[in-house]
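>>> how would this look folded up:
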Amino acid sequence: AVVALGAWSMLVWAHHMLLTGMSTTLSSFFQITTMAVSVPSVILLTSLVVTLWGGAIRYTTAMCFALAFLPMFGLGGVTGLPLGLGPSNLILHDTYYVIGHVHYVVAPGTIFGLFAGVYYWFPKATGRAMNEALGRLHFWGSLVFMNVIFMPFFLMGLAGVSRRLYDG
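Numbers count the residues shown, from 1 in each chain. So this is what the prediction gives:
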């Protein structure tokens, strides 16, 4: 699924440009490939969740960041589906909805993954344990405030607020 997702992602490079005046045939191709990229994405996320099934999970700070990545990245992917179709993209393309989608895909994917790696590998690399209570505070603060900040973007976008307004 990872290899398929990486390879398929190279085909959808123009899915951000459905409204730039490209031909109907080319636009249709990118709409179809954009919808199809969700298949390996769902397989990958499902594989990661099913891998946890029946395991003896320890909820360390690193695991909390890794687990929080899954639903947040999934929400970012699901909110991207309307942007992959021309008719709904026509309405949403220049609104805060796009900003919310991008932030849910990129922010937890990079930041939560980075923090999970740091919290997991720092003690192994340095021999010094990190404070688990401060790590949990960091995790919950990040999770709550990331959602408090980014979730309203979807509502603003659906209300038609343009992403080009400085006082939206």
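>>> when you work out contacts or count neighbours from here on, use the C-alpha atoms and nothing else.
OK.
>>> which residue sits farthest out from the middle of this structure?
Gly127 (32.5 Å; CA atoms, centre = their mean).
>>> next, that residue: phi, psi?
Recorded main-chain torsions at Gly127 are phi 80, psi 10, according to degrees, to the nearest 10.
>>> please apply the same query to Thr95.
Per-residue torsions, Thr95: phi -120, psi 180 (degrees, to the nearest 10).
>>> tell me who's in contact with it.
Applying CA atoms under 8 Å, 6 or more residues apart in numbering to Thr95 gives the contacts 156-158, 160-164.
>>> who does it form a beta bridge with?
Using DSSP bridges, the beta-bridge partners of Thr95 come out as Ser162.
>>> how about the residue most central in space within the chain, nearest residue that isn't a chain neighbour?
The chain has Val105 as the residue nearest its centroid, 1.9 Å off, counting by CA atoms, centre = their mean. Spatial nearest neighbour of Val105, excluding adjacent residues (CA to CA, 6 or more residues apart in numbering): Gly76 at 4.6 Å.
>>> quick check: that neighbour vs Leu143, distance?
According to CA to CA, to the nearest Å, Gly76 stands 14 Å off from Leu143.
>>> so between the two, which is more surrounded?
Neighbours per residue (other CA atoms under 10 Å) separate Gly76 from Leu143, with Gly76 holding more: 21 against 18.
>>> for that one, give me its contacts.
Gly76 makes contact with 100-105 under the criterion CA under 8 Å, 6+ apart.
>>> can you point out the buried residues in the helix or strand encompassing it?
Here Gly76 sits within helix 61-80, counting by DSSP states H and E. For helix 61-80, burial by neighbour count (16 or more other CA atoms under 10 Å) applies to 61-70, 72-74, 76-77, 79-80.
>>> and the helix ranked longest in the chain, how far out from the chain's middle?
In the chain, with assignment by DSSP state H, the single longest helix is helix 132-158. Relative to its chain's centre, helix 132-158 lies at 13 Å (CA atoms, centre = their mean, to the nearest Å).
>>> packing partners of it?
In terms of contacts (3 or more CA pairs under 8 Å, 6 or more residues apart in numbering; DSSP states H and E), helix 132-158 is packed against helix 61-80, helix 96-107.
>>> mind exporting stretch 48-57 as CSV, just the C-alpha atoms?
Extracted in CSV, the C-alpha atoms of stretch 48-57 (Å, rounded to 0.1, in the frame of the first residue of the first chain):
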residue,chain,number,x,y,z
LEU,A,48,-1.9,0.4,10.7
VAL,A,49,-5.1,0.2,12.8
VAL,A,50,-5.5,-3.6,12.4
THR,A,51,-1.8,-4.1,13.4
LEU,A,52,-2.7,-2.7,16.8
TRP,A,53,-5.6,-5.2,17.2
GLY,A,54,-4.9,-7.6,20.1
GLY,A,55,-1.6,-6.1,20.8
ALA,A,56,-0.3,-5.1,24.3
ILE,A,57,-0.3,-1.4,23.7
